[in-house]
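Undergrad: structure, please.
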Amino acid sequence: MNRTQLRLSAVVLTVLIAVVFARALDHLPSSLKTQIASERAAVAAAQTQLHAERGQVAAQVQSEPELFKSIAFGQQWSDRFVQADGELQSASHDMDDLARVEKRNRYSDRDQAASLLTHERQQRTHAIADADAIEKDAAHWLDAKNHLPEEAQQMERDYRAIHAFDLAALTTLVHRTEADWPGKQADLDARLAAENAIVADSDRLWQSTEDARRQAAAGNSTGLDFGALFGAGESLKSSAADLQAKADETKALTGQLYTSWDKMLVDMQARGDGDARRYEQRIRTVRTHHADAAASTGETTSDEQWTTVPRATYDAMRRDLGMAIEHKPAGKYDSESERVAQPAGLAYVAPLGQGRNQYGYWDHRDGRDFWVFYGQYALLRDLLFNHDYRPIERREWEDYRTYQNRGETYYGHDSSTGQQKYGSQGAVTQNRYSGSKYGQSGGFRDSQYASKPGSYSSSRYASPSVRDPNADHSPKTFGHNAPESAPRAAPPARTYHPAPSRPPMRAPGRSFGRRH
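TA: Numbering: from 1, shown residues only. Below you'll find the predicted structure:
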């Protein structure tokens, strides 16, 4: 054999080896084959189980014709088994397809096999769960028929529980709340009516089953209307639970009307790299509870905590440092909170035409209108404005209202500097939150505070101690001065209790004219 023939033979041999090797690899993974075999056995076992349970329930129905004829289950059980059988047949069809895929034994079919296995398992497990539920229901009705006195006793306990509930106290609470918040009268009346309807329906059922209950209590099932008796029993049991749940919900909603709250984004940071990167926000929740709608004082509390959020949430709120990302005014339910980010605190300002509210008043001086918070709301003011309140002027508030009515975020405009005022890139925010982790990590890249975390000595609002180069300018955490390495624990709730005998005061150190 010459050299050319040898080369040709080597090429042919190489190709043959490659083909054999490729064929050796081109088959379904062994793990999939094992799962297919396991599911084939599971489907066969499910078919046997379904057949057995159908036969058992059929025998029970035949043994108590009067019972099952009078209840809805007696007309439904057969159709329910038909549905379960259909689910199991679908699983069997999937197994037929898997058998064909297994016979082809191609690696490229692995995704199809995995998908078929997933669908087959779902159908099989649903079928068995449905069959088990039918068998359980049949056993429940048989047990109820065999324990009629106990059923009658349970009905009486549920009925007494319904009438033991103090609807009069709930009615008084609802009427007082409606007087304070007339806008919620229609909703609260509808809730109260639904709760009274539960009691009325329960009375009707109780009276209509008097003879059946007496017969059941004696253990006599002859000629008994099982459907009416058991139906009334189920309804009374459900009503006893629903009445308490609905009353608790109504009480909770009335309580929400007396509390205003804000969720403020006071810091944020991204930590870690790659898949381990975490996005965190620090949320300050400020709540003010009023004893009644006309109260001129309120109890203010706050808490803060760091929370991990999805990157999409972090990015969506990245512009909103220092803003109230959610606000719920008094007189609204929590579910009615406003979710368009706005400068914290502006929502508490009264309309210009109104002039004042329980939180403060519009003051006029030197041809300019300013908002002034009452002294009893100093804590609320300090929490919302991060201890750096700058009086709100009329023009700014009008601009804010325009944006709010359009459902848009208002970031403001500083007329003296031409810069954005609020939000992460706002001049006021960068001043108030210069010591935040966001600011220290370079979040205020375009700000004069970016290179001097924790300090804003060039600000015209800075105190003399801040301007003093020898003073302590270390970063401050909310509520106290803590080292940077301190753990991020939520500070304790703050509660403000104004002196009841003290007349309304202006915000301390913030006088901008006379009240009118």
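
Undergrad: packing partners for the host helix or strand of residue 103?
TA: Following DSSP states H and E, the helix or strand that holds residue 103 is helix 72-104. On a contact count with 3 or more Cβ pairs under 8 Å, 6 or more residues apart in numbering; DSSP states H and E, helix 72-104 meets helix 30-63, helix 65-70, helix 110-146. For every residue, glycine as well, the C-beta is placed using N, CA and C.

Undergrad: now these as TSV including distance to residue 353?
TA: Shown next, in TSV, are the helices and strands packed on helix 72-104 (distance: least, Cβ to Cβ, whole Å):
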stretch	distance to residue 353
helix 30-63	72
helix 65-70	68
helix 110-146	62
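
Undergrad: next, format those helices as a markdown table and append mean pLDDT, mean neighbour count and distance to residue 359.
TA: What follows is the helices and strands packed on helix 72-104, written out as a markdown table (pLDDT from 0 to 100; neighbours: other Cβ atoms under 10 Å; distance: least, Cβ to Cβ, whole Å):
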| stretch | mean pLDDT | mean neighbour count | distance to residue 359 |
| --- | --- | --- | --- |
| helix 30-63 | 96 | 15 | 65 |
| helix 65-70 | 94 | 16 | 64 |
| helix 110-146 | 96 | 17 | 56 |
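
Undergrad: mean confidence for the helix holding residue 103?
TA: Averaged across helix 72-104, pLDDT comes to 95.

Undergrad: and for stretch 208-221?
TA: Here the average pLDDT along stretch 208-221 is 95.

Undergrad: about what we covered before: can you give me the angle the helix holding residue 103 makes with helix 110-146?
TA: Going by axes from the mean of the first three to the mean of the last three Cα atoms, to 10 degrees, helix 72-104 is angled at 160 degrees with respect to helix 110-146.

Undergrad: now do the buried residues in stretch 286-304.
TA: 286-290, 297-302, 304 (16 or more other Cβ atoms under 10 Å).

Undergrad: scratch that, stretch 70-79 is what I was asking about
TA: Within stretch 70-79, the residues scored as buried using 16+ other Cβ under 10 Å are 70-71, 73-74, 77.

Undergrad: okay, domains of the protein per the record?
TA: Split into domains by automatic domain parsing, the chain comes to 25-146, 149-256, 259-467.

Undergrad: got a pLDDT number for residue 430?
TA: pLDDT, residue 430: 91.

Undergrad: what about it, how many neighbours?
TA: 27 (other Cβ atoms under 10 Å).

Undergrad: for the one helix or strand it maps to, what is the distance to the chain centroid?
TA: Element membership of residue 430 [criterion: DSSP H and E] is helix 427-432. Mean-position distance between helix 427-432 and its chain equals 32 Å (Cα atoms, centre = their mean, to the nearest Å).

Undergrad: for that helix, buried residues please.
TA: Neighbour counts over helix 427-432 (16+ other Cβ under 10 Å) mark 427-432 as buried.

Undergrad: cool, and stretch 174-186?
TA: Buried-residue list, stretch 174-186, by 16+ other Cβ under 10 Å: 174, 177-178, 180-181, 184.

Undergrad: which of those fall within helices?
TA: When the buried residues of stretch 174-186 are checked against helices (DSSP state H), the matches are 174, 177-178, 180.

Undergrad: quick one: which of the residues you listed is nearest residue 121?
TA: For those, the residue nearest residue 121 by Cβ to Cβ is residue 174; the value is 50.6 Å.

Undergrad: quick one on the thing from earlier: which of the buried residues of helix 427-432 lies closest to residue 350?
TA: Distances from residue 350 to those, taken as Cβ to Cβ, are shortest for residue 428 (21.7 Å).

Undergrad: shouldn't that closest one be in contact with residue 422?
TA: Yes - at 6.1 Å, residue 428 counts as touching residue 422 under the criterion of Cβ atoms under 8 Å.

Undergrad: which neighbours do those two share?
TA: Contact criterion Cβ atoms under 8 Å, 6 or more residues apart in numbering; residues bridging residue 428 and residue 422 by contacting each: 322, 412.

Undergrad: need phi/psi at residue 211.
TA: The phi/psi pair for residue 211 (degrees, to the nearest 10) reads phi -70, psi -40.

Undergrad: any idea how far it lies from residue 224?
TA: Distance from residue 211 to residue 224, counting by Cβ to Cβ, to the nearest Å: 10 Å.

Undergrad: same deal with residue 319?
TA: 70 Å.

Undergrad: then residue 189?
TA: From residue 189 to residue 224 the distance is 41 Å (Cβ to Cβ).

Undergrad: same thing with residue 374?
TA: In terms of Cβ to Cβ, residue 374 sits 70 Å off from residue 224.

Undergrad: more neighbours, those two?
TA: residue 374 (22 against 19).

Undergrad: beta partners for the more buried one?
TA: Beta-bridge pairing for residue 374 (DSSP bridges): residue 506.

Undergrad: quick one: it and residue 360 touch, right?
TA: Yes - proximity of residue 374 to residue 360 meets the contact threshold set by Cβ under 8 Å, at 5.2 Å.

Undergrad: OK, contacts around the residue lying closest to residue 29 once chain neighbours are set aside?
TA: The shortest distance from residue 29 to any non-neighbouring residue, by Cβ to Cβ, 6 or more residues apart in numbering, is to residue 110 (6.1 Å). By Cβ under 8 Å, 6+ apart, residue 110 lies in contact with 28-29, 32.

Undergrad: residue 135: which of these is nearest?
TA: Among those, and counting by Cβ to Cβ, the member closest to residue 135 is residue 32, at 33.5 Å.

Undergrad: now the closest one, nearest residue through space, not along the chain?
TA: residue 113 (5.1 Å).

Undergrad: repeat for residue 205
TA: residue 232 (4.4 Å).

Undergrad: which residues in the stretch 301-450 of the chain form strands?
TA: Taking DSSP state E, counting those that start in this stretch to define them, one finds strands in the stretch 301-450 of the chain at 323-328, 342-343, 360-365, 368-373.

Undergrad: just checking: what are the partner strands of the second one?
TA: Pairing partners of strand 342-343, with direction, according to DSSP bridges: strand 323-328 (antiparallel).

Undergrad: restricting to C-alpha, output the strand it pairs with in PDB.
TA: Extracted in PDB, the C-alpha atoms of strand 323-328 (Å, rounded to 0.1, in the frame of the first residue of the first chain):
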ATOM      1  CA  MET A 323     -38.800  62.000  49.100                       C
ATOM      2  CA  ALA A 324     -42.000  60.500  50.500                       C
ATOM      3  CA  ILE A 325     -42.300  57.500  48.200                       C
ATOM      4  CA  GLU A 326     -45.700  56.800  49.700                       C
ATOM      5  CA  HIS A 327     -48.200  59.000  51.600                       C
ATOM      6  CA  LYS A 328     -51.400  58.200  53.300                       C
END
